[in-house]
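Asks: Dropping the sequence and predicted coords here.
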Amino acid sequence: MLPTVSQVLELDVLRRGLPQVVAGADRLHRPVRWVHVSELPDVAGMLQGGELVLSTGIALPEDREGLARYIRELVEVGAAGLVVEFGRRYFDSLPKALVHAAEQRGLPLVVLRREIRFVAVTEAVHALVVNAQLEQLRASEAVHQVFNELAVEGAEPSEVLRQIARMAGRPVVLENLSHQVLAHDPAGQTEDELLEHWERRSRAVRPTGRTGFDPRSGWLVTAVGARGEDWGRLVLVDDPTPLPEHEAHPRAMLLERGAATLALNRLLVRDRESLERQTHRTLLSGIMTHALTVSEVALRAQALGVPLDGRRLVGVVLRRRSGALPAALEAQARLRDFTELAAGAARSCRLAALVGALDDEGVGLLIALGSQQEEHAALEAFAATLRRLIADSGKERDGAPPVVAVGSSVGSVRDARRTLLEATQVADAALHDAPGARAASYYRLPDVRLRGLLHLLRDDARLQTYVERELGPLLAYDAEHGSQLVQLLRVYLEQGRNKSAAADAAHLSRPSFYDRLHKVERILAVDLDQVESCLSLHVALLALDAVRR
């Protein structure tokens, strides 16, 4: 860190001048970036900010307005302070106008009662500054080396946070845009102490810019995202303390480098599939990302023994229902097994299909149906065979069958991406549906309603932004006052905007309920008699449930 005005005054070379602070004593924590010796009354035009100005005062203005202007210009340019030596212009005291202006503007003003060599001061201070810069450079190199290795290794978020906490010596938390904790490292603190009332505390911290420091809470916060889309915040929890003006937080670079590593590693997809499954996966990925042309897809699929031309193509996506998340290696092994079981089910039903993992949690199939194969019967047989193979393998740990989601059939390779995307959307939305709640063995688009759609979009930063825009002030009010106005709004909307029924459902008297409902309107600045406003709020509440699930 750069030396402060207070630290500079403690140097032997300045102590020999018997320094005395006559104004701005509460601003001695300002960092000194450089020392500038000048007798010019318009010296501010030569400064860039952070300089400690040394002068004998020999050319300073004599009038009150001129002295005030001199101080004002130094403050506006961001000077760290002004040191005036007695002996040339002033002998026992400085002009009251100069001292008053410095005190009013908060500029440290120091007098030297004994003459010293200014060149010795500049040499000593510049040595401190250069040493501080070298130390920052060494620290920066160490941080970049650590996080470059983490990025290359594709480290998990927990490991990235562990390194940040170790290097900073403070707890660190990764949260999403809805202020929910995704990962954390308490750095020796108890988890209860770190995470208690996290959402309420986090909502109260709104730093400006991508990286900002909140002196009230002591939190250093930076945005996490890539490709122009933020999906979370990284928070370093420190002690409340003022930060010197015009100086970045000493751990800002560490936190920003950690955020960049988290964003990069989220983009990486790693798997360990068999060569056949990897080939199928590559082809499916090429269809989904437009990385392959239609002719390339058809040619490569034909070479794999899956003819696509002249067939009806149906996209199918499989998702496992699971409770507790398994460890990373166990999850990869389960996904490989699941993919092979899906391929086995397709072979048993004599279905020509590309079968491969779509992501870390699901398997995709592009089934090519011949003219003699009936679509519904083929899909029913596939789903039944898959369930049987899973049961026979003994790997059905939670007893819940997998989600089988199907897209609309298409008649050409050009439209294969559309049926796969539709199946993906249906699968992700259907995951929270209760197992066995429906008779059919697979899901299609008509089975997915608004709740399912919002569940599908729960990790989308745009949906989280929508929830914050619609409900953020009310959530913040509840968090600050311990009220339950969000729940009251939910009851009102679920009762079809019938205030009497809503009051009964909320177990409140009608006057009390009406009063709280008016408070909701004031906080959100909406009219709850407008249907469109209520519709937007109802969708936001459903989205909030999806995000929090």
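Replies: Okay, I see it.
Asks: can we go C-alpha only for contacts and neighbour counts from here?
Replies: Fine.
Asks: What residue spans form the domains of this protein?
Replies: 5-126, 154-267, 275-446, 461-548 (automatic domain parsing).
Asks: Next one: L524 from V491, what distance?
Replies: If you measure L524 against V491 using CA to CA, to the nearest Å, the figure is 16 Å.
Asks: Neighbour count for those two, which is higher?
Replies: V491 (20 against 17; other CA atoms under 10 Å).
Asks: I'd guessed that one sits against D504; true?
Replies: No - judged on CA atoms under 8 Å, V491 makes no contact with D504 at a distance of 9.8 Å.
Asks: Going by residue numbers, what spans are strands in the stretch 1-150 of the chain?
Replies: 19-23, 34-37, 51-55, 81-85, 109-112 (DSSP state E, counting those that start in this stretch).
Asks: do you know which of these lies nearest A187?
Replies: strand 34-37 (36.2 Å; CA to CA).
Asks: Can you spell out which helices and strands pack onto the closest one?
Replies: Contacts defined by 3 or more CA pairs under 8 Å, 6 or more residues apart in numbering; DSSP states H and E place strand 34-37 against strand 51-55, helix 118-153.
Asks: Tell me what angle the longest one forms with strand 81-85.
Replies: This means helix 118-153. Relative orientation of helix 118-153 versus strand 81-85 (axes from the mean of the first three to the mean of the last three CA atoms, to 10 degrees): 160 degrees.
Asks: State the mean pLDDT of helix 118-153.
Replies: Helix 118-153 shows an average pLDDT of 82 in the prediction.
Asks: Check stretch 232-243 too.
Replies: Here the average pLDDT along stretch 232-243 is 85.
Asks: now do stretch 462-480
Replies: 92.
Asks: what do you get for stretch 532-541?
Replies: 93.
Asks: do stretch 193-206 as well
Replies: 88.
Asks: Then stretch 494-507?
Replies: For stretch 494-507, the mean confidence score works out to 92.
Asks: from the chain's centre, how far out does it sit?
Replies: Chain-centre distance of stretch 494-507: 37 Å, with CA atoms, centre = their mean, to the nearest Å.
Asks: ok, the nearest residue to L40 once chain neighbours are set aside - contacts?
Replies: Excluding the flanking residues, the one nearest L40 by CA to CA, 6 or more residues apart in numbering is A59, at 6.2 Å. Applying CA atoms under 8 Å, 6 or more residues apart in numbering to A59 gives the contacts E39, L40, P41.
Asks: Output the residues you listed as CSV; include the columns distance to A120.
Replies: Formatted as CSV, the contacts of A59 follow (distance: CA to CA, whole Å):
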residue, distance to A120
E39, 17
L40, 20
P41, 23
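Asks: Which one of those sits in the busiest neighbourhood?
Replies: P41 leads those on contacts (other CA under 10 Å) with 18 neighbours.
Asks: about what we covered before: Throw the domains of the chain into a markdown table and include distance to Q145, thanks.
Replies: Converted to a markdown table, these look like this (distance: least, CA to CA, whole Å):
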| stretch | distance to Q145 |
| --- | --- |
| domain 5-126 | 27 |
| domain 154-267 | 10 |
| domain 275-446 | 25 |
| domain 461-548 | 30 |
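Asks: what about the ones you listed, which gets the closest to E141?
Replies: Comparing those by CA to CA, domain 154-267 comes nearest, at 10.6 Å.
Asks: and the closest residue to R203 other than its chain neighbours, what helix or strand is that in?
Replies: Distance criterion CA to CA, 6+ apart; nearest residue to R203, sequence neighbours excluded, is A476 at 6.5 Å. Per DSSP states H and E: A476 is located in helix 461-481.
Asks: Return the list of helices and strands in contact with the helix or strand just after that helix.
Replies: Next along the chain after helix 461-481, taking DSSP H and E as the criterion, comes helix 485-494. Contacts defined by 3+ CA pairs under 8 Å, 6+ apart place helix 485-494 against helix 461-481, helix 499-505, helix 510-524, helix 531-548.
Asks: Packing partners of the shortest one?
Replies: Helices and strands in packing contact with helix 499-505 are listed as helix 485-494, helix 510-524; criterion 3+ CA pairs under 8 Å, 6+ apart.
Asks: Contacts made by the helix or strand encompassing A416 with the rest, please.
Replies: Element membership of A416 [criterion: DSSP H and E] is helix 416-430. Outside helix 416-430, the residues that touch it by CA under 8 Å, 6+ apart are 287-288, 313-319, 364-366, 403-410, 443-445, 448, 451-456.
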